[in-house]
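Q: For reference, the sequence and a predicted model appear below.
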Amino acid sequence: MKFMKFIWSRICCDCSSAQGIFNVRCYGAKGDGQTDDLEAILAARDAVNAARGGVLFFPRGSFLVSNTIELGSGTTVLGLGAASVLKAKPGVASFNMMFVRNSSDVRVLDLILDGNRTKTTPPANSKNQNIGCGFFGEPDDRGQTGLSIKNIIVRNHHGSGIRIKGPSNSDDLYQLNANEVEVVGCQILDCSGRGINLNRVTQARIAGNAITSCVQVGIQLVLSRAAVIKENVIHKTVQKPGTKGGHGIKSDNSFDIVIADNVASENERWGIVASGGSGNWPPRHPMSQRCIVAHNVCRANDAGGITIDPTAVDHSEIIQDSFATVASNICAANQGHGIHTTHAGYLTVRGNICDGNKKAGIAIISSRYAVVADNVLTGNGNYGVGFWADTDVRGVGHHLLGGNVYENNKSGETFVARHHPAIRGLQDRWSRGGTLGLPLPVKSTANDPTNPVEGLLYLNTADNKLRVYADGTWHTLQTTTGASWEED
C-alpha cells in the first residue's frame, strides 16, 4: 500500500517525465475550470509524441479546452476517475474532444469528457456526424489496432459520445483491414448523437457500458465483423422526429456478431435491432448475417423488444438469409411485438420469455425457415405466435413450430394468416398420462382450437380422438387396430 501511494504521489506531483508520465500541470495546465488549458495540454501531448509514447496524465481538476486533442501512437490518457474532467470551453463551436487519426495502441482511461452542450454551439451542419463527439477515431485504409477506451464518463456532447470510423479498403468485410477497438465500463449520457457508433471495425468488444438518453441509437455497429456487444445497459434512447431511430442496440450490414446479456429498456423504438441495414443495401453491401442474440432483457421499448429486420428499401420483396439465433431472452411489456422477424431467413427463435407485450409475443413476417420452439408466451396483447406474409414476397414459409407454452394471450395461442403457407408443427402441449410416444397438443373440449396450425394433430382428451386441420377443414381420426389410424 505504501508503495502504491508513492507511485501515485509521483504521478500527481512530480514533473519529471523519466518514467514516461507527462502531467499536464507540469506544462502549465491550471485545471481551475476557468482557464483555457488547451495549449498546455497540447504541449504535454507533444512531449508524449516526442518520447514515442507515454502517459498523458490529468490530475484532479476541471480542465477547459477550446478545441480537439489529437493523440499519437502509444499514448495512454489517464485521469483520476470522476476527479479529472475535460470540459468544452463555454461559447465555442462544437468540436471533437479527443481524436485519433492513424495511431495505434491508444488508451483512454478514468476521466470525464464533458461536451458542455448547453453552453457551446452545435455544428453548422447538423447532419455531419463527424463533429461534436467526445471521442472520434478516423484511421485511413490501413486501419488501426489496440484502441482501448475504458472507465470514462462521456456526457453532454452535440454529437456521439464515442464514434469510430474504419478503413474503406474493401466492400468485402472479410477483406477489411484491422480496425480493432474496445469500449469497456464507460458511462455515456445526454449526447445529441449516438452513444457508441462503430463503423467498419473488426474484433470489437463493447462491454459493461451504461448508456442513457442518447439520440437515435445507444450502441450502433455498421459494416463490421466479429464483434461482441455484451453486458451493456441502454436506457431511454431518443428518436429524432421523422427518422427511424431510437433503438437501444442496432447492428447494420455486419457479420459474426454476438449480442448477449444486455438490458435495453424504455427506448423510443426497438430494444435490439440485431440484423438490419443502414442504407448500404445490396449488391454493394450484404445484409447482416450470423448473429447470436441471447440472454438479453428488453423491457418497455416503444416499437418492440428484439427484431431481425434485414429489409432492403429498394428490395423489400427479397428475403435475406440472416442465419440468426434469438435464444433465452426476456422481452416484456414492450409496446409492439416481443420478438419480430421480417424478410429474414434461416432463424432459430428458442427458449425466450415474451410476457405482456402489446402485440404478439413472437411475430414471424415474410420470413422463411424459422424454428420457433420452447418459448414461454404469456399475457401478450395479440397472439402468442403469429405468422404473416406480404403477398409480393416469394419463398415465405417452411417454418417449424413446437414446444411452446401459452397462457392468457388475448387473441389466442397461434395465428397463421390466410395466404401464409402451412406451418409444420411439433407439439405445443404435452398430453396427460404416459411418458413415451408422440406428444400432441391437447384439445380438451368439443370445440375446435382457435387458429389451428395446418397439418398438426390435436388430441381430444374427452373422447381420445385425433383431429387434424388440413386443406382448410377438420378431419377426425380414430384407432382401428391400435397400430394405425384412419379417418372416422
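A: Cool, got the structure. None of the values given here were measured: they were computed from a predicted structure.

Q: Would you mind giving both backbone torsions of residue 369?
A: phi 50, psi 60 (degrees, to the nearest 10).

Q: Next, the contact list for it, please.
A: 345, 346, 347, 398, 399 (Cβ atoms under 8 Å, 6 or more residues apart in numbering). Placement of C-beta: from N, CA and C, glycine included.

Q: if we go to 7 Å?
A: The contact partners of residue 369, by Cβ atoms under 7 Å, 6 or more residues apart in numbering, come to 345, 346, 347, 398.

Q: what's the closest of those to residue 425?
A: residue 398 (12.8 Å; Cβ to Cβ).

Q: now the closest one: how far from residue 359?
A: 24 Å (Cβ to Cβ, to the nearest Å).

Q: same check, this time on residue 92
A: From residue 92 to residue 359 the distance is 47 Å (Cβ to Cβ).

Q: Between these two, point out the one with more neighbours.
A: Counted by other Cβ atoms under 10 Å, residue 92 and residue 359 do not tie: residue 359 has more neighbours, with 20 against 17.

Q: Go ahead and report the secondary structure state at that one.
A: coil (DSSP: H, G, I helix; E, B strand; the rest coil).

Q: just residue 40 next, same as before
A: helix.

Q: Residue 141 too?
A: Assignment for residue 141 (three-state DSSP): coil.

Q: contacting residues for it?
A: Residue 141 makes contact with 167, 168, 169, 177, according to Cβ under 7 Å, 6+ apart.

Q: show me the contacts for residue 263.
A: By Cβ under 7 Å, 6+ apart, the contact set of residue 263 is 233, 297.

Q: Start the count at 403 instead of 1 going forward.
A: Sounds good: first residue 403 from here, last item residue 665.

Q: I'd like to know the beta-bridge partner residues of it.
A: Beta-bridge partners of residue 665, counted by DSSP bridges, are residue 635, residue 699.

Q: From residue 614, how far off is it?
A: 12 Å.

Q: Which of the three states applies to the closest residue to residue 689 other than its chain neighbours?
A: Closest residue in space to residue 689, ignoring its immediate chain neighbours: residue 712 at 3.8 Å, by Cβ to Cβ, 6 or more residues apart in numbering. Secondary structure, three-state DSSP: residue 712 is coil.

Q: burial of residue 712, as a residue count?
A: 32.

Q: per-residue pLDDT, it?
A: We have a pLDDT of 85 for residue 712.

Q: Tell me who's in contact with it.
A: Residue 712 touches 677, 678, 679, 689, 690, 722, 724, 745, 746, counting by Cβ under 7 Å, 6+ apart.

Q: Mark which of those residues are part of strands, please.
A: Among the contacts of residue 712, the members falling in strands (DSSP state E) are 677, 678, 722, 724, 746.

Q: can you pick the most crowded of those?
A: residue 677 (32 neighbours).

Q: got the contact list for that residue?
A: With contact taken as Cβ under 7 Å, 6+ apart, residue 677 is in contact with 653, 690, 693, 710, 711, 712, 724, 726, 746.

Q: count of neighbours near the closest residue to it other than its chain neighbours?
A: The shortest distance from residue 677 to any non-neighbouring residue, by Cβ to Cβ, 6+ apart, is to residue 690 (4.0 Å). Look at residue 690: counted by other Cβ under 10 Å, it has 32 neighbours.

Q: can you pull the pLDDT of residue 690?
A: 83.

Q: could you measure the residue most central in space within the chain against residue 556, distance?
A: Among the residues of the chain, the one closest to the centroid is residue 651, at 2.5 Å (Cα atoms, centre = their mean). Using Cβ to Cβ, one gets 17 Å for the distance from residue 651 to residue 556.

Q: Looks to me like residue 450 is in a helix.
A: Yes: with three-state DSSP as the criterion, residue 450 is assigned to a helix.

Q: Against residue 566, how distant is it?
A: According to Cβ to Cβ, residue 450 stands 21 Å off from residue 566.

Q: Just the CA coordinates for stretch 426-443, please, in PDB.
A: What follows is stretch 426-443, C-alpha atoms only, in PDB (Å, rounded to 0.1, in the frame of the first residue of the first chain):
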ATOM      1  CA  VAL A 426      -0.400  18.300 -17.900                       C
ATOM      2  CA  ARG A 427       0.000  20.600 -14.900                       C
ATOM      3  CA  CYS A 428       3.800  20.500 -15.400                       C
ATOM      4  CA  TYR A 429       3.200  22.100 -18.800                       C
ATOM      5  CA  GLY A 430       1.100  24.900 -17.500                       C
ATOM      6  CA  ALA A 431      -2.500  23.500 -17.300                       C
ATOM      7  CA  LYS A 432      -4.400  25.000 -14.400                       C
ATOM      8  CA  GLY A 433      -7.400  22.700 -14.100                       C
ATOM      9  CA  ASP A 434      -9.400  25.500 -12.300                       C
ATOM     10  CA  GLY A 435     -12.500  25.400 -14.600                       C
ATOM     11  CA  GLN A 436     -11.800  29.000 -15.700                       C
ATOM     12  CA  THR A 437      -8.600  28.900 -17.800                       C
ATOM     13  CA  ASP A 438      -8.400  27.600 -21.300                       C
ATOM     14  CA  ASP A 439      -5.900  24.800 -20.800                       C
ATOM     15  CA  LEU A 440      -5.700  23.600 -24.400                       C
ATOM     16  CA  GLU A 441      -2.200  24.900 -25.300                       C
ATOM     17  CA  ALA A 442      -0.700  23.400 -22.100                       C
ATOM     18  CA  ILE A 443      -2.300  20.100 -22.800                       C
END
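
Q: residues of it that come out buried?
A: 426, 427, 428, 429, 431, 432, 433, 438, 439, 440, 442, 443 (16 or more other Cβ atoms under 10 Å).

Q: three-state assignment of the closest residue to residue 435 other than its chain neighbours?
A: Leaving aside its sequence neighbours, residue 435 sits nearest to residue 464 (Cβ to Cβ, 6+ apart; 3.8 Å). State at residue 464, reduced to three classes by three-state DSSP: strand.

Q: so what does the helix or strand where residue 538 lies touch, helix or strand wise?
A: Using DSSP states H and E, residue 538 maps to strand 537-539. Contact partners of strand 537-539 among helices and strands, from 3 or more Cβ pairs under 7 Å, 6 or more residues apart in numbering; DSSP states H and E: strand 500-502, strand 564-566.

Q: Buried residues in the last one, which are they?
A: Read that as strand 564-566. Buried residues in strand 564-566 (16+ other Cβ under 10 Å): 564, 565, 566.

Q: Who are the packing partners of that strand?
A: strand 537-539, strand 598-601.

Q: at 10 Å what do you get?
A: strand 537-539, strand 546-552, strand 581-586, strand 598-601 (3 or more Cβ pairs under 10 Å, 6 or more residues apart in numbering; DSSP states H and E).

Q: List the strands paired with the shortest one, with their directions.
A: Counting by DSSP bridges, the strands paired with strand 537-539 are strand 500-502 (parallel), strand 564-566 (parallel).

Q: average pLDDT for the last one?
A: On average, the pLDDT along strand 564-566 is 97.

Q: Perfect, that will be all.
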